[in-house]
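[1] Below are the sequence and a predicted model; questions follow.
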Amino acid sequence: MPATTATSGEANPFLKQLASSNRKTRDQALESLRTYLQRPAAFDELDFLKLWKGLFFCMWMSDKPLTQQRLARDLADLVHVVKSKENFLGFVQAFWLTMAREWGGIDALRMDKFLYLVRCYLNRGFERVSRRGWSDDALCDQYLHILELVPLNTDDPKVPHGLRFHVIDIYVDELDKVDTKRDVPLEKVISPMEKLSKSSLSKAVRQRAQAALEDERLHDWRNVHQELDQSDDGDVVGDGHQEHQRQARGSAAGEEDEFGGFDD
């Protein structure tokens, strides 16, 4: 057990209960946590860091694959519970700082559930920013700044490469799940990956980021954007082709967002 996480779990009963194998107990604890996070007052950085020490401990203690997956999704859904923009950004930053700090102490038997938790958090972060159709430029910029500050930092030795590699590998996956309409400001959102591919002190990180930027799905985004630009300029885009694009994206959006990395 990580030494840094035990005290917060003991100090907050609802955090201990989140790690329970009893679903009713977990659900009650999660509801208490939602109520706590919905308060309109601002949390400070230390509030969120203390909370995430406890939540990390909850995930650490959670056993049984289906319970782990459900808890990871429930914790990630808290991104949509915090009310203000400032609390959302603070909550997410505390998550990434906690992952970076604790990553090196996660043993092989527990790594899968934390990999899935990270995947869920990257996904829900994109969801929160996309709520207004990516139109809140300030929110988008601030969220991307957090990603650049912690998991996609180009040179901070305190960010483990294992965490950095995982976020690189899943970045396009989770963006693809969220942006089914293909209206994300793509070049802005992939800019942290661009910076990694050019400026990271690690050759392995640069190569990994460059490989992610060559993902075929990014060409799909760019093609859709080009068609929209042409349509705005008065050029006619074929109805049949547009319908094909909508059907393809709708089919992808309908797939179940379920993790396949555990055995029941």
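    Structure's in. What do you need? Predicted model only: the values in this text are computed from it and were never measured.
[2] so where's the protein uncertain?
    1-12, 228-264 (pLDDT under 70).
[3] May I ask you to name the longest helix in it?
    helix 108-130 (DSSP state H).
[4] buried set for it?
    For helix 108-130, burial by neighbour count (16 or more other C-beta atoms under 10 Å) applies to 110, 112-130. For the C-beta atoms, the positions are set from N, CA and C on the backbone; glycine is no exception.
[5] export that helix as PDB, just CAs?
    Backbone C-alpha positions of helix 108-130 (Å, rounded to 0.1, in the frame of the first residue of the first chain) are rendered in PDB as follows:
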ATOM      1  CA  ALA A 108       2.000  -5.200 -11.800                       C
ATOM      2  CA  LEU A 109      -1.100  -6.800 -10.300                       C
ATOM      3  CA  ARG A 110      -2.800  -3.400  -9.800                       C
ATOM      4  CA  MET A 111      -1.600  -1.700 -13.000                       C
ATOM      5  CA  ASP A 112      -4.500  -2.700 -15.200                       C
ATOM      6  CA  LYS A 113      -7.100  -0.900 -13.100                       C
ATOM      7  CA  PHE A 114      -5.100   2.300 -12.900                       C
ATOM      8  CA  LEU A 115      -4.500   2.200 -16.700                       C
ATOM      9  CA  TYR A 116      -8.300   2.000 -17.100                       C
ATOM     10  CA  LEU A 117      -8.900   4.800 -14.600                       C
ATOM     11  CA  VAL A 118      -6.500   7.000 -16.600                       C
ATOM     12  CA  ARG A 119      -8.400   6.100 -19.800                       C
ATOM     13  CA  CYS A 120     -11.700   7.000 -18.200                       C
ATOM     14  CA  TYR A 121     -10.400  10.400 -16.900                       C
ATOM     15  CA  LEU A 122      -8.900  11.400 -20.200                       C
ATOM     16  CA  ASN A 123     -12.300  10.600 -21.800                       C
ATOM     17  CA  ARG A 124     -14.400  12.500 -19.300                       C
ATOM     18  CA  GLY A 125     -12.100  15.500 -19.500                       C
ATOM     19  CA  PHE A 126     -12.700  15.700 -23.200                       C
ATOM     20  CA  GLU A 127     -16.400  15.200 -22.600                       C
ATOM     21  CA  ARG A 128     -16.600  18.100 -20.200                       C
ATOM     22  CA  VAL A 129     -14.700  20.500 -22.500                       C
ATOM     23  CA  SER A 130     -16.900  19.400 -25.500                       C
END
